[in-house]
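# coords please:
(2 chains)
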Amino acid sequence: MKHIVIIGGGIAGIETASALTDTGHWVTVIEKEAQVGGKLNNWSCLFPTFTPAEKIIDELQDKCRNKDFSILNKTEVRTIHRQNGKFSIETSNDHKLEADAIVVATGYELFDARRKEEYGYKIYDHVITSADLEELFKTGNDITVAEGKHPKRIAFVHCVGSRDEKSGNHYCSKVCCITSVKQAIELKKRLPEAEIYCFYMDLRMYGKHFEELYREAQEKYDIQFIRGRLSEASEKINKSLLIKSEDTLSGRPLKMNVDLLILLAGMEAGKGTAAASETCGIGCEESGFLKTTDSFLKSNFSEQEGIFLAGSCTAPMSVNDTILHARSAAMEVNGWLRSH
Amino acid sequence: METTPFIWPFTIGLLFITCFLVIIIGIWISSLSHIDKSRIIHGILTPKSWLALREIVLESLLHRKIFRKNVVLGYMHMSLALGWFLLIVVGHIEAWIHYRTFFVPAYKAIFMRYFITGPSTTLSGKILAASMDLLLLFVLSGVALACCKRLNSQLFGLKKTTRLKIGDRIALYALWLIFPLRFLAESVSAGIHHNGSLISQPTGQLLASILPVKSLEMPLWWAYSGTLGLFFFALPVSRYMHIPVEAVLIFLRNYGIKVQKRIGGYSRIQVYSCSRCGICLDSCQMAHVDIKDTQSVYVLKHIRNKNLTDEKLFNCLLCGRCQPDCPVGLELNNLRLTQRIESTKEYNSSYDYLKNGNVAISPQTEVIYFAGCMTHLTPAIIKSMKEIFTVASVKYWFMDEDKTACCGRPLMQVGQYEAAKKLIEHNRERILASGVKKLVVSCPICYKVINEDYALPGITVMHHSGYLLGLLADKRLPVNKLSLQVVYHDPCELGRGSGIYHQPRLLLDEYATLIPMKNEKEASYCCGGGLANIKIQMNERNQIRDKALDEYLAYQPDMLATACPLCKKIFAKSNKLPIHDIAEIVYMAIRQNISMTQDQTINKKKIEIEIWK
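Numbering: from 1, shown residues only, chains lettered A, B, ... in the order given. I've put the predicted structure just below:
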């Protein structure tokens, strides 16, 4: 029986583990947190169907319970050596594992919005990120600003830490546009009185039902989309925010006072993926995401034979894309093990 | 008086170069502004002239600045300059004594060993002859070093040396040949007439024993005179123009003349005073990204040759790091700026929409606060300043809280001087209308232009580092030292640009522990973000920044401190070290609340790296 070690117990890791177990292999997942599911645990609902994230988490946990693969929680990989075609892995808990193949599923990290200082995240009281908003949705708490009032005007800022040379990330994080549409609708449902504006560069409604949801946001929920990037925000004495931008469709500078500013923080490869790149000796793209050997036919293959990649450690991905990428990783690993 | 035809190449050359210099320097000085001319007239009979003479001896002859930087290089320059100068002086004294008159033609002194065939008999004559021999040896040692430097500049601790053009080459080879030829000619004459001294006499005898010296004498003196003449004729098209022009420059500088915003006589004198020593190449950070043809030495050369391209002119951060190293003390940044103003056409700069309106300020207002555009992109600095004003109970007017025109400095840096003037005038009127007597600026870029170009009589302009230090001295701010090891990055516009090095350090020392560094103050690095460079690529900027950061990281600080919003933004982007403005650190200390923007553990927890075989 072949043994496969999977680094990361998020959606990609668990989905790969489950599929590989089905093909009759012995699988161990190394997860640094106490529970599986990764960043999905922090999310309330998923676009474009408003499916509760819990539903996906429950499915993943069911798989963990019902299928015969093991999970090492609160564990990180320290070193990996290759000996006689096998990998010997040492973990932070001094476990020693032997594996025939490795799957890297270390995922992404949210862009730290403090690095875009001009938007005032953690400096002004009412600037939050899309992740903070999900957490607010999850707790179900009332959404209030100064003096406990409901925000009357809310703005979303797209591409915070994505497509931005100044923050060092040239790539598109792919999921933020539709996240903004989804979150704007959810906010409007909770706060029907609020005016909601989305400041975008382009709207990339690439997936199934995305474009329809965007249309609904405009027609049904009266959400305003303004093409323009925010230049800066400043806080007024009443803690509302003065934002400056340009409406690039009408070609005019624009100033607006909002009560709540929501930053759509992009995806970055993050420290976990950087560490995996080092321990596994596999290369990164300029963006920091892991390199695949071919973007069409070998999107799960790393530069090292026997080490495979799954999920958003290779590029920003939606939950949907991650599940598909993880399943294809399982197929590739299985095929490779049988031919070796 | 006796004469011989070989003196003519030298004499004609000397006549030519004398006339040329008198004319060209005359033209430059006559094109100075009236104010500058009156500076000369009022300065010429004052101690300023003595100071200039002293500087000429120390720098043009002794090359003290180069000595400080590199002893071998200093010796090379000194032996050539001082040695040659003394050869001329002592040679003339010798001739004056011999001919018993001060009116000795130059060639008589220069070719004395040819004309005076008898050995010197008096003691003073012997001493003079011996010193002439030793001086020549001194110069020859410099020539030898110069040849070595051409072959391998790294032997001299220089990473690079300048590339030469044809005029320079002719002058350089002529210069190298002058002294060996003089030595040979004098030795051969000594071999024939026994009129040599310490070194030339034995060399002459040696030569006479193996060579037909009689037939060699004339050709050698011809060659010596010819190379001298050649050198004089090549001088105007070579970098050696710096020898005479630098002396003029030192006088004018001591009279208080500075480079203006327009090209004029003085900026030309500066350009011609560049010796192209190439010392500025070593301090330039553009070399970190392999940009090696835009440095000051090349720009000055291209200005002289009238073939400067915008690509080279604008591919510079104007960080000024080359300036303190220049042995001639040229105003390298201002020279480049003057050129930028010249080569830039005014662009969309009517600014008609700027309306001054009324400035209504409460009479108790103590200071005007001008944050600047860059600081608006780093609101943590503004927030800190606002809180500090509140803590110190300072009543302030936040001049650019909502909308204000740019300070004008970025336009100025790219040569849009006329456009910048309009913004400056607009802001200036508002500042004066407020009636407030103190202006605090958070951005060194704004600070420099407001301080230098705004003309605000009676108003004290301060960068916030100095202002906060003042508040502290007046006991209006609490002292509360944080347990932080901090490295301070000098912003170019505040440090080299405005000469403010100590106030930020004194302030930081009160609130944190400052780690001294190798490359600080005048030698500090540029963050790479300078607005003055409109040609450089973002990735090149990042490389320049990372090179500087590598050095800072080596000191293992808890935090990088700076006093410029642009530097802060540039360094924050790299995500390698927490960075804060000095105002934020003061505010943190006051609030006892250290907020780190970056995860400190990132460097400490290093996972073992295995290299695969």
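
# residues from the stretch 51-200 of chain A in reach of chain B?
A:78-82, A:112, A:114-115, A:117-118, A:120, A:122-124, A:165-168 (Cβ under 8 Å from any Cβ of the partner chain). C-beta here means a position set from N, CA and C on the backbone, and glycine is covered the same way.

# Which one of the residues in the stretch 251-400 of chain B is closest to chain A?
For the stretch 251-400 of chain B, the nearest residue to chain A under the criterion Cβ to the nearest Cβ is B:Leu377, separated by 4.0 Å.

# How much space separates the residue nearest to that residue when sequence neighbours are not counted from A:Lys244?
Residue nearest to B:Leu377 in three dimensions, not counting chain neighbours: A:Glu118, with 4.0 Å by Cβ to Cβ, 6 or more residues apart in numbering or on different chains. Taken as Cβ to Cβ, to the nearest Å, the spacing of A:Glu118 relative to A:Lys244 amounts to 10 Å.

# Now list whatever residues contact both of these two.
Shared between the contact lists of A:Glu118 and A:Lys244 (criterion: Cβ atoms under 8 Å, 6 or more residues apart in numbering or on different chains) are residues A:Leu230, A:Ser231, A:Glu232, A:Ala233.

# Look up phi and psi at the closest residue to the second one other than its chain neighbours.
If I follow you right, that is A:Ser231. The shortest distance from A:Ser231 to any residue other than its chain neighbours is 4.9 Å, reached at A:Lys244 (Cβ to Cβ, 6+ apart). Here is the backbone geometry of A:Lys244 (degrees, to the nearest 10): phi -120, psi 140.

# beta partners for A:Lys244?
The residues paired with A:Lys244 through beta bridges, assigned by DSSP bridges, are A:Glu232, A:Lys255.

# what's it in contact with, if anything?
When the contact criterion is Cβ under 8 Å, 6+ apart, the partners of A:Lys244 are A:Leu230, A:Ser231, A:Glu232, A:Ala233, A:Pro253, A:Leu254, A:Lys255.

# Pull the most distant pair out of these.
With Cβ to Cβ as the measure, no two of the contacts of A:Lys244 lie farther apart than A:Ala233 and A:Pro253, at 14.6 Å.

# In terms of helix, strand or coil, where does the closest residue to chain B within the stretch 51-200 of chain A fall?
When you check the stretch 51-200 of chain A against chain B by Cβ to the nearest Cβ, the closest residue turns out to be A:Glu118, at 4.0 Å. When classified by DSSP: H, G, I helix; E, B strand; the rest coil, A:Glu118 comes out as helix.

# in the stretch 451-600 of chain B, which spans are strands?
According to DSSP state E, counting those that start in this stretch, the stretch 451-600 of chain B carries its strands in the segments B:460-463, B:485-488, B:513-514, B:559-562, B:579-581.

# which one of those strands lies closest to A:Asn334?
strand B:579-581 (48.0 Å).

# partners of that closest one, with directions?
Taking DSSP bridges as the criterion, strand B:579-581 sits next to strand B:559-562 (parallel) in its sheet.

# quick one on the thing from earlier: what about the residue nearest to B:Leu377, how many neighbours?
Around A:Glu118 sit 20 other residues, with neighbours defined as other Cβ atoms under 10 Å in any protein chain shown.

# Does it touch B:Met374 like I think?
No. Counting by Cβ atoms under 8 Å, A:Glu118 stays clear of B:Met374, with 9.7 Å between them.

# hang on, the earlier thing: ChimeraX command for the buried members of the contacts of A:Lys244?
Selecting in ChimeraX just the buried members of the contacts of A:Lys244, where the criterion is 16 or more other Cβ atoms under 10 Å in any protein chain shown, is done with this command:
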select /A:230,231,232,233,254
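
# Now pLDDT too, for the contacts of A:Lys244, in JSON lines please.
As requested, the contacts of A:Lys244 are arranged in JSON lines below (pLDDT from 0 to 100):
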{"residue": "A:Leu230", "pLDDT": "94"}
{"residue": "A:Ser231", "pLDDT": "92"}
{"residue": "A:Glu232", "pLDDT": "92"}
{"residue": "A:Ala233", "pLDDT": "95"}
{"residue": "A:Pro253", "pLDDT": "89"}
{"residue": "A:Leu254", "pLDDT": "93"}
{"residue": "A:Lys255", "pLDDT": "93"}
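
# Tell me, how many residues neighbour A:Lys174?
Applying the criterion other Cβ under 10 Å, we find 20 residues in the vicinity of A:Lys174.
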